[in-house]
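J.: structure for this input, please:
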Amino acid sequence: MLMSNNNSGITRMSFLLFLLLVVASSTAAQTPTPTPPLVYDVENTGADCPPPTLLPYDQLPFTRPLTDPFLWSDGSGRSTAFSDWRCRRNEIKKAIEKWDIGPKPDRSDLTITAVYTPGDPGTLTVDVLRLSNGRTLRLTSPINLPSGTAPAGGWPALIRMALAPTGAEGPSGIAGIDYVHNDVTEYAAGQQISHAADPYFLMYPEYNAGPCPPAPAPCGATQVGQYAAWSWGVSRLIDGMEIAKNQLVNPLPIDLKRLAVNGCSYAGKMALFAGAFDERIALTWATESGGGGAPAWRTSHAIEPNGAVEKASNTDGSWFITRTLFASNNVYKFPYDHHELMAMVAPRALLVSGNTDFIWLSNRSNYVTSRATQKVYDTFGIGERFGFYIDGGHGHCAIPAAQQPAINAFYNKFLRGQNVSTDVHVFPTQFADIDYQRWTQWWGTGVPDDPRLNVALASAGAIAFGTTEHSSGGYPASAAIDGDGTGNFWERGGGWNDNTRGTFPDILEINFNGLHVIDEIVVYTLQNNWLTAGEPDQTSEATGEGILDFDVQTNTTTCSAGGPCTTGTAWVTVPGGSVTGNTMAVRRFTFPSTIAATKMRVVVNNARNHYSRIVEVKALGFKAGFPTVP
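T.: Residues are numbered from 1 along each chain as shown. Have a look, this model is predicted:
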């Protein structure tokens, strides 16, 4: 009986504990996850986070797909919790400052005064004094207020960069504030001029605009791009607005919780950097920003021909500091990319656009990057705060009537507080075949998948031709582009064999399905023990039946900025593509930069056992989105 009573007591206690757990679980389940804020009242919420671990250049990993925005920089793991985002966002900020634009100073060394003078337009004058050297800088911004009486909290406002497109003002009831970027550093339309006398660089003489000159010339100062200076200037303008809003007479009638930034082209980049780097901006709208803005550096490099779109290696040398270290395939050493620049805007609202009439803008990369950014917003449950609109049929920086409702929706929701839909994901029908998921599918796995495609496959539309094909019919040229590199079925369509015993050269030519951008070609010849050996690698020998001396070539293609590309008939041997005395079953040719081509070939000058035997040929890269002319 005693034992029975004890068991009964334990049972009652267990049942009560179970009830408490059920109630606690039910309460937790009913507690909604807090919605991330729409805007903040500080420039950088992560300013107090521990400094990130940033690897030196020679230790940066080579990462082909888009970098995972949720990975901690010290390699300690990954977090998609919004509570961790402010510190992860600060890590991205520091990486972009280190490798993309240079440092953006905070205001700790500054004294700022500001005065708003009403008028038509009014004027906001902001004076910035750097305490450590006594240098000053003045920002002067015209302010256009809507007609009528301002709301109690002030008017929502759009800070307009130069080249703000016509129609950027949006619906009525929004003030316009002009950011005069030359007050900070001069825009020089791509001219590589000295900026040492610009106001910002007089205030910060320890900085140089643009990349470090080639050795042996010394840098002499920390290198920064103008986008670091311009985004700094927008933040100081907002500092001045905060001061002027509280002046005793004629306070600035602007609602600082409802600020937006916008610009187009180079100023679209300016708007994006400003919005990413200052969390007091509620809505960022980057119009047709091109390379260095919304498009990712690595994606633009991978999918479009050299010289045709704005890439890290050919962007303005005063805007960024990328051109020396991240030229060509070194672009894959970027420890971040511009989907993370856009993600820095989260959880605040962001709208980006493109224009397919202007190929220089790298619109396809913009699309891939936008899809990646959408994943970040969706992860935080705020997908409606990000939108993209990539169309054509209008001038650069001209907003067509079809776009205006989408733009107005973002203004109405995030500046005017209206409950409207901002489900804006517009792209051309020809972009539907872009497999954007290849660039992000590795996120969360820790293993960066290679996003490249084998564009030499028959299933990709490629066609193979041999100068001759063996009379048996069992070794057609098409068998060298079927995806099987083993040779296990050699006598039954396992590869290409010529029909001229002991006579060379023999040529296998592969025509791609249009213009492609490739940076690697792999040639498989018949390995030893081919019936049973399986997939060969670069250690597999081909000393019995393999090709011996050969050249790997592509046709010439030249592309002008913005297109078109001109395809030529001449053949050029790829870097390292001349081979003599080959003994291996697999030879891999990786190029220091991409090659744009419509076709390739393998010219066999000598082979073992009388015949040229090629099991498979791969060309790794992407179909280009460029028009071509003969």
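
J.: show the end-to-end separation of stretch 464-474, please.
T.: Stretch 464-474 has an end-to-end distance of 15 Å (criterion: Cα to Cα, to the nearest Å).

J.: average pLDDT across that stretch?
T.: In this model, stretch 464-474 has a mean pLDDT of 96.

J.: for that stretch, buried residues please.
T.: Residues of stretch 464-474 classed as buried by neighbour count (16 or more other Cβ atoms under 10 Å): 464, 466-467, 469-470, 474. All C-beta atoms are positioned from the backbone trio N, CA, C, and that covers glycine.

J.: repeat for stretch 132-150
T.: Neighbour-count burial for stretch 132-150 flags 135, 137, 139, 141, 143-146 (criterion: 16+ other Cβ under 10 Å).

J.: same thing with stretch 507-515?
T.: Buried positions in stretch 507-515, judged by neighbour count with 16+ other Cβ under 10 Å: 507-512, 515.

J.: so which pair among these is furthest apart in space?
T.: Of all pairs drawn from these, the greatest distance, 21.5 Å, lies between I507 and L515 (Cβ to Cβ).

J.: the strand or helix carrying W85 packs against which elements?
T.: Per DSSP states H and E, W85 falls inside helix 82-96. When contacts are defined as 3 or more Cβ pairs under 8 Å, 6 or more residues apart in numbering; DSSP states H and E, helix 82-96 packs onto helix 338-343.

J.: do that again at 6 Å, thanks
T.: Contact here means 3 or more Cβ pairs under 6 Å, 6 or more residues apart in numbering; DSSP states H and E; on that basis helix 82-96 packs against no helix or strand.

J.: how about residues contacting that helix?
T.: For helix 82-96, the surrounding residues in contact (Cβ atoms under 6 Å, 6 or more residues apart in numbering) are 36, 45-46, 49, 52, 73, 335-336, 340, 344, 380.

J.: also stretch 424-437?
T.: By Cβ under 6 Å, 6+ apart, the surrounding residues in contact with stretch 424-437 are 356, 367-368, 371, 387, 389-390, 406.

J.: hang on, the earlier thing: from the chain's centre, how far out does whichever helix or strand comes after the helix holding W85 sit?
T.: Following helix 82-96 in sequence order, the next helix or strand is strand 110-117 (DSSP H and E). In terms of Cα atoms, centre = their mean, to the nearest Å, the centre of strand 110-117 is found 36 Å from the chain centre.

J.: before we move on, back to that, minimum pLDDT in the buried residues of stretch 507-515, which residue is that?
T.: L515 (94).

J.: OK, contacts around it?
T.: 565, 598, 624, 626, 628.

J.: same thing but at 8 Å, please
T.: Neighbouring residues of L515 by Cβ atoms under 8 Å, 6 or more residues apart in numbering: 305, 557, 565, 567, 596-598, 623-624, 626, 628.

J.: just the CA coordinates of the helix or strand harbouring W232, formatted as PDB?
T.: Taking DSSP H and E as the criterion, W232 maps to helix 226-245. This file holds the C-alpha atoms of helix 226-245, laid out as PDB (Å, rounded to 0.1, in the frame of the first residue of the first chain):
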ATOM      1  CA  GLN A 226      33.500  58.100 -53.600                       C
ATOM      2  CA  TYR A 227      30.500  56.000 -52.600                       C
ATOM      3  CA  ALA A 228      31.900  55.900 -49.100                       C
ATOM      4  CA  ALA A 229      32.100  59.700 -49.100                       C
ATOM      5  CA  TRP A 230      28.700  60.200 -50.700                       C
ATOM      6  CA  SER A 231      26.900  57.800 -48.300                       C
ATOM      7  CA  TRP A 232      28.700  59.600 -45.400                       C
ATOM      8  CA  GLY A 233      27.300  62.900 -46.800                       C
ATOM      9  CA  VAL A 234      23.700  61.600 -46.800                       C
ATOM     10  CA  SER A 235      24.100  60.600 -43.200                       C
ATOM     11  CA  ARG A 236      25.400  64.000 -42.200                       C
ATOM     12  CA  LEU A 237      22.400  65.500 -44.100                       C
ATOM     13  CA  ILE A 238      20.100  63.400 -41.900                       C
ATOM     14  CA  ASP A 239      22.000  64.600 -38.800                       C
ATOM     15  CA  GLY A 240      21.300  68.100 -39.900                       C
ATOM     16  CA  MET A 241      17.600  67.400 -40.400                       C
ATOM     17  CA  GLU A 242      17.400  66.000 -36.900                       C
ATOM     18  CA  ILE A 243      18.900  69.300 -35.600                       C
ATOM     19  CA  ALA A 244      16.800  71.500 -37.800                       C
ATOM     20  CA  LYS A 245      13.600  69.700 -36.800                       C
END
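
J.: alright, calling it a day.
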